[in-house]
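In: how would this look folded up:
(chains A and B)
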2 protein chains.
Amino acid sequence: MKTVILIGAQGKMGQAALSGLGKHKVITASRSGEGCDFQVDITSRESIERLYQNVGSFDAVVNTAGFCEYAPFGEMSDEQWQTTIQSKLMGQINLVNIGLNYINQGGSFTLISGILNIKPIPLAIADATTSGAIDTFVQCVAHELPRGIRINVVNPTVLEEAWDVYGEMMPGFQPVPGALVGKAFERSVDGFITGQVLYVDA
Amino acid sequence: MKTVILIGAQGKMGQAALSGLGKHKVITASRSGEGCDFQVDITSRESIERLYQNVGSFDAVVNTAGFCEYAPFGEMSDEQWQTTIQSKLMGQINLVNIGLNYINQGGSFTLISGILNIKPIPLAIADATTSGAIDTFVQCVAHELPRGIRINVVNPTVLEEAWDVYGEMMPGFQPVPGALVGKAFERSVDGFITGQVLYVDA
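Out: Coordinates of the predicted model:
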């Protein structure tokens, strides 16, 4: 049994991840902290640092949080880009960067991207760009993590559980059950793979 | 003959691009402005806006500028990440975003990334991550550019002309002549392709 910190636990993706972590001790966190063990804002290095200090010993970090702005490229403001980058890109990079000082030997990080970098749709350029950045980051940084620490990223298509929200903007996409996405998180946490993009698509 | 704005013109990559733009009217720009027609700082939206206003009518933007910090991941500060992101990622996105208001119908943007997102090496995690982001951005944003405007990105390996600087940190890499990289810029500016990553590697 591993101690796993699950960030974004209350969201639909967090619940999907949770479904794959049944055999572990899961410590939950989210931006609001509601219904979770801890509160964390991944856009703040201080907040991340505090989370890790409060948790103490842990073996894995699973992140399903990352805010994206959606707009046509021509109408997207610099501020909307910055908001997306500071959360979905730098937030996740900082989870790893700071987490390296706290995570147990042989631990793992599992980040989140999303299929829109492979299957682009209108309004999602900031989501796609930061997903491409995170996928690349994970594939490259895996080579320099110390103490047998691994890193992977789950790149899922839309969840069945979220189809009522996103279905309208994603014509022709086949949603997948959260339980299938949970398998990808399980494969990352419980396997020996590293530097991989785990696509979950149909 | 097209009017092409070449940014980063004095650098080795700029000179490589220039070698492929021989049949066009090339207007040069760089951060210092030395030896160029115009000065531009791609990290400033105001500076980009001023460049386009000063140039007037143009058909293509070719960018070879983009600053990256190099360090081991564990030692890279948040500030080093931000500096890299604001230049190589947001600087290039803003060149396109603002340029759309000025570029002629049927025009093109050609951005720059670099092979380290495909062939990772020590110290280059910020370079690799932003290259992956720019490659993704170009592949996705191409679908929503108006007025027949195209976009591509050249993703080159190290230049023969820069091997004395970078060779030491890139063991096992085969440098390519700048003239070959120039062909990729030419193919982007003079072709009909869009949304493509033009790898130049050996």
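In: Once you drop chain neighbours, what's closest to A:W163?
Out: The spatial neighbour of A:W163 that comes closest, neighbours along the chain excluded (Cβ to Cβ, 6 or more residues apart in numbering or on different chains), is A:P175 at 4.5 Å. Where you see a C-beta, it was placed from the backbone N, CA and C, and this is true even at glycine.
In: same deal with A:I149?
Out: The spatial neighbour of A:I149 that comes closest, neighbours along the chain excluded (Cβ to Cβ, 6+ apart), is A:G107 at 5.2 Å.
In: Indicate whether the lengthiest helix in chain A makes contact with chain B.
Out: Among all segments of chain A classified by DSSP state H, the helix with the greatest residue count is helix A:125-141. Yes. Taking Cβ under 8 Å from any Cβ of the partner chain as the criterion, helix A:125-141 and chain B are in contact, through A:125, A:128-133, A:135-137, A:139-141.
In: In PyMOL, how would I select the buried members of these?
Out: Below is the selection syntax for PyMOL that covers the buried ones among those, with 16 or more other Cβ atoms under 10 Å in any protein chain shown defining burial:
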select buried, chain A and resi 125+128+129+130+131+132+133+135+136+137+139+140+141
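In: circling back: other SSEs contacting the helix or strand following the longest helix of chain A?
Out: Next helix or strand after helix A:125-141 toward the C-terminus (DSSP states H and E): strand A:150-156. For strand A:150-156, the contact count by 3 or more Cβ pairs under 8 Å, 6 or more residues apart in numbering or on different chains; DSSP states H and E identifies helix A:12-18, strand A:108-112, helix A:125-141, helix A:178-190, strand A:196-200 as packing neighbours.
In: Take those and write them to a markdown table, including mean pLDDT.
Out: Below are the helices and strands packed on strand A:150-156 laid out as a markdown table (pLDDT from 0 to 100):
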| stretch | mean pLDDT |
| --- | --- |
| helix A:12-18 | 98 |
| strand A:108-112 | 98 |
| helix A:125-141 | 98 |
| helix A:178-190 | 98 |
| strand A:196-200 | 98 |
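In: and chain A, which residues reach chain B?
Out: Applying the criterion Cβ under 8 Å from any Cβ, the portion of chain A that neighbours chain B consists of A:45, A:72-74, A:76, A:78, A:81-82, A:85, A:89-90, A:93-94, A:97, A:100, A:116-117, A:120, A:122, A:124-125, A:128-133, A:135-137, A:139-141, A:143-146.
In: same thing but at 6 Å, please
Out: A:73, A:117, A:120, A:125, A:128-129, A:132-133, A:136-137, A:140-141, A:143-144 (Cβ under 6 Å from any Cβ of the partner chain).
In: Can you list the helices and strands that the lowest-mean-pLDDT helix or strand in chain A packs against?
Out: Within chain A, judged by mean pLDDT, DSSP states H and E, the helix or strand with the poorest mean is helix A:163-166; its value is a mean of 95. On a contact count with 3 or more Cβ pairs under 6 Å, 6 or more residues apart in numbering or on different chains; DSSP states H and E, helix A:163-166 meets no helix or strand.
In: Fine, thanks again, bye for now.
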